[in-house]
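S.K.: I would like to see how this sequence folds:
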Amino acid sequence: MAQGGTTISHGGGLADRYAAALYDLADEQGSLDQTVDQASELARLIDDTADLRRLLDSPLIDVKQSTDGARAVLEAKGFSPIIVRFVCVVAGNRRLNRLRAILSAFAQLVASKRGVVTAHVATAHGLSLPQREAVRARLIEAGYGNVNIEEQVDPSLLGGLVLRIGARLYDSSIKSRLQRLQFAMKGVA
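M.R.: Numbers count the residues shown, from 1 in each chain. So this is what the prediction gives:
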């Protein structure tokens, strides 16, 4: 249980605690939608900027420098005071190396609160728009109302897809079919 009554059911680790604190702060200040958008934008910025990732992961930068650097970058990029203050707290607590995980936990918490289910889909090649919509339609038919699809490309799958939603795993990849065939043939020999 986090301060403000937010219950977290997906782990309870450090990232979840920070995510719950950010959620509660943004909700309390009436800027939850803006904070959600900006947290997502910050996560993309981290994913797309190798220099920023190296900075976040560096244990050599002292707390004051990392806090001042984070503040300067975020203010220059136009992030809201909530995001700036939050990242400065994370930096002050020497947790910048966990910022990306915190932002992921925040996105999961928001999705959970809004009744959105996240389906993790791995395919050998990126899904086309019709394929993505077909996956979404099948998930809705299976009883998963509002579905957010997170895609990952894994060429080792050869074809098909691996879908993970909650604790359920559906594997229809060619790689796993070949492995099952190999095990079946070993059992016969």
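S.K.: secondary structure class for Thr118?
M.R.: Under DSSP: H, G, I helix; E, B strand; the rest coil, the three-state class of Thr118 is strand.
S.K.: now the strands: where do they sit in the protein?
M.R.: 116-123, 146-153, 161-165, 168-171 (DSSP state E).
S.K.: quick one: buried residues of the last one?
M.R.: Yep, that's strand 168-171 we're talking about. Along strand 168-171, these residues count as buried under the neighbour rule (16 or more other Cβ atoms under 10 Å): Asp171. Bear in mind the C-beta positions are built from the backbone N, C-alpha and C, glycine included.
S.K.: Which other helices and strands does it contact?
M.R.: Using 3 or more Cβ pairs under 8 Å, 6 or more residues apart in numbering; DSSP states H and E, the elements in contact with strand 168-171 are strand 161-165.
S.K.: Would you map out the domains in this protein?
M.R.: Segmentation of the chain into domains, based on automatic domain parsing, reads 14-112, 117-188.
S.K.: Tabulate those domains (TSV), appending mean pLDDT.
M.R.: Putting those into TSV (pLDDT from 0 to 100) gives the following:
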stretch	mean pLDDT
domain 14-112	91
domain 117-188	87
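S.K.: just to revisit the earlier point, looking at the strands of the chain, which is closest to Leu56?
M.R.: Nearest of the strands of the chain to Leu56, taken as Cβ to Cβ: strand 146-153 at 21.3 Å.
S.K.: List the contacts of stretch 110-129.
M.R.: Stretch 110-129 is touched from outside by 9-10, 23, 32, 36, 108, 135, 139, 144-166, 173-174, with contacts defined as Cβ atoms under 8 Å, 6 or more residues apart in numbering.
S.K.: circling back to that earlier point, got a markdown table for the strands of the chain, with distance to Ser104 too?
M.R.: Shown next, in a markdown table, are the strands of the chain (distance: least, Cβ to Cβ, whole Å):
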| stretch | distance to Ser104 |
| --- | --- |
| strand 116-123 | 10 |
| strand 146-153 | 10 |
| strand 161-165 | 15 |
| strand 168-171 | 19 |
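S.K.: What segments of the protein are helices?
M.R.: All helices of the chain, identified by DSSP state H, fall at 14-28, 32-48, 50-57, 63-76, 81-92, 99-113, 129-141, 174-188.
S.K.: Mean neighbour count and distance to Thr123 for the ones you listed - can I get that in TSV?
M.R.: Below are these laid out as TSV (neighbours: other Cβ atoms under 10 Å; distance: least, Cβ to Cβ, whole Å):
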stretch	mean neighbour count	distance to Thr123
helix 14-28	20	27
helix 32-48	16	19
helix 50-57	14	25
helix 63-76	15	34
helix 81-92	19	33
helix 99-113	20	21
helix 129-141	13	8
helix 174-188	11	11
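S.K.: is it possible to export those to JSON lines including distance to Ala122?
M.R.: As requested, the helices of the chain are exported to JSON lines (distance: least, Cβ to Cβ, whole Å):
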{"stretch": "helix 14-28", "distance to Ala122": "22"}
{"stretch": "helix 32-48", "distance to Ala122": "17"}
{"stretch": "helix 50-57", "distance to Ala122": "22"}
{"stretch": "helix 63-76", "distance to Ala122": "32"}
{"stretch": "helix 81-92", "distance to Ala122": "30"}
{"stretch": "helix 99-113", "distance to Ala122": "17"}
{"stretch": "helix 129-141", "distance to Ala122": "12"}
{"stretch": "helix 174-188", "distance to Ala122": "10"}
